[in-house]
Every structure is written in structure tokens, then in C-alpha cells.
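Provide a 3D model corresponding to the input given below.
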Amino acid sequence: MDTKNEKTLPYVNLEQRFCNKFRKIEFRHTPRARNEFADSLASMIQHPESSHINPLRISLKEEHAHCCHMEAEPDGKPWYNNIKIYLERREYPEGITSGSKKTIRRMANCFFLNKEVFYKWMLILGLLRCVNAGEAT
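Numbering: from 1, shown residues only. Predicted coordinates:
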């Protein structure tokens, strides 16, 4: 990839190094006439040293992104426990407010229980299996 602006040369070099780490990569050129938003943002940012561009930090993860967002449950129960119990037995946890009950009922509309396997229904993606932190790991 070539660049006309030497300010962007560090980015081009970094891009070329990282391109080898992907199975497939695609670049699309957006003509300047259709890129008014980026131009207006760039014109609003004034750096004291005009030839300096802050470095772009890119990090590569060795595991899937969805694994990075799983947290262990503090009480040992999965995040979906209250919804699952509601779908199984139509019961609420003890001591919750009527507002929380309403939230559980509303959220239960988006979930599906097939024996012991719990799914979340999403229009575009279909059924997504819900797992606890141990299963995700």
C-alpha cells in the first residue's frame, strides 16, 4: 500500500506488519468526497506539533473475544439463573421486588429452555447457547 502523506507512513508500516497475521483482509478506498465526516473530525483536532501523529495501539489476542468477556459468578450461579428458574418453574427468587419480577418476565421472552440447555433467541443470529464461566473456559 502506498501513501502520499508521510505523516501516515508509521501507520502504513504497522498495517503491513499486521496484515500477515490475518487469514483474510480487505481494504476499501473511500473517496474524499464521500468522507466528509472524517475530514471534519480531522480539522477539529489540532496537535501542537503538526508532523506528529499519536501512535495507534493494536493488540492481538490468542483467544476468542467472547472468552475475554466471561466473568466468574460471585455466588457460583450462572448469570442467567433467575431467568432459567422462572422458565422451568415459574418461580422468582426470594425477596425480590415487583419491578425485578417484571424484568425477569420480560427478559424470559427472549430465552428458550430445552431440557437442561438454555438458549437466548436473537432475531439475526437465531438461538445462542448460554453458558456459565466454567463452560466458556
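
could you chop the protein up by domain?
Domains of the chain are assigned by automatic domain parsing as 1-60, 65-136.

was I right about residue 58 contacting residue 14?
Yes. Counting by C-beta atoms under 8 Å, residue 58 sits close enough to residue 14 to count as a contact (7.0 Å). C-beta: built from backbone N, CA, C; applies to glycine.

neighbour count winner among these two?
More neighbours surround residue 14 than the other of residue 58 and residue 14, with 14 against 10 (other C-beta atoms under 10 Å).

buried ones in the helix or strand hosting the more buried one, by neighbour count?
In the assignment (DSSP states H and E), residue 14 maps to helix 9-19. Buried residues in helix 9-19, defined by neighbour count with 16 or more other C-beta atoms under 10 Å: residue 15.

need the strands for the protein, in chain order.
111-114, 117-122, 126-129 (DSSP state E).

and for the longest one, what's in contact with it?
Pointing back at strand 117-122 there. 80, 84, 110-113, 127-130 (C-beta atoms under 8 Å, 6 or more residues apart in numbering).

among those, which one lies nearest to residue 35?
Here the nearest of the contacts of strand 117-122 to residue 35, counting by C-beta to C-beta, is residue 128; it sits at 35.3 Å.

distance of the closest one from residue 118?
Residue 128 sits 10 Å away from residue 118, taking C-beta to C-beta, to the nearest Å as the criterion.

show me which of the two is the more surrounded one.
The neighbour comparison of residue 128 against residue 118 (other C-beta under 10 Å) goes to residue 118, with 22 against 13.

what does the model give that one for pLDDT?
Looking at residue 118, its pLDDT reads 88.

list the beta-bridge partners for it.
On the basis of DSSP bridges, residue 118 is bridged to residue 113.

what distance do you get for it to residue 99?
Distance from residue 118 to residue 99, by C-beta to C-beta: 23 Å.

TSV for the strands of the chain, including distance to residue 22?
Listed next are the strands of the chain as TSV, based on distance: least, C-beta to C-beta, whole Å:
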stretch	distance to residue 22
strand 111-114	35
strand 117-122	27
strand 126-129	25
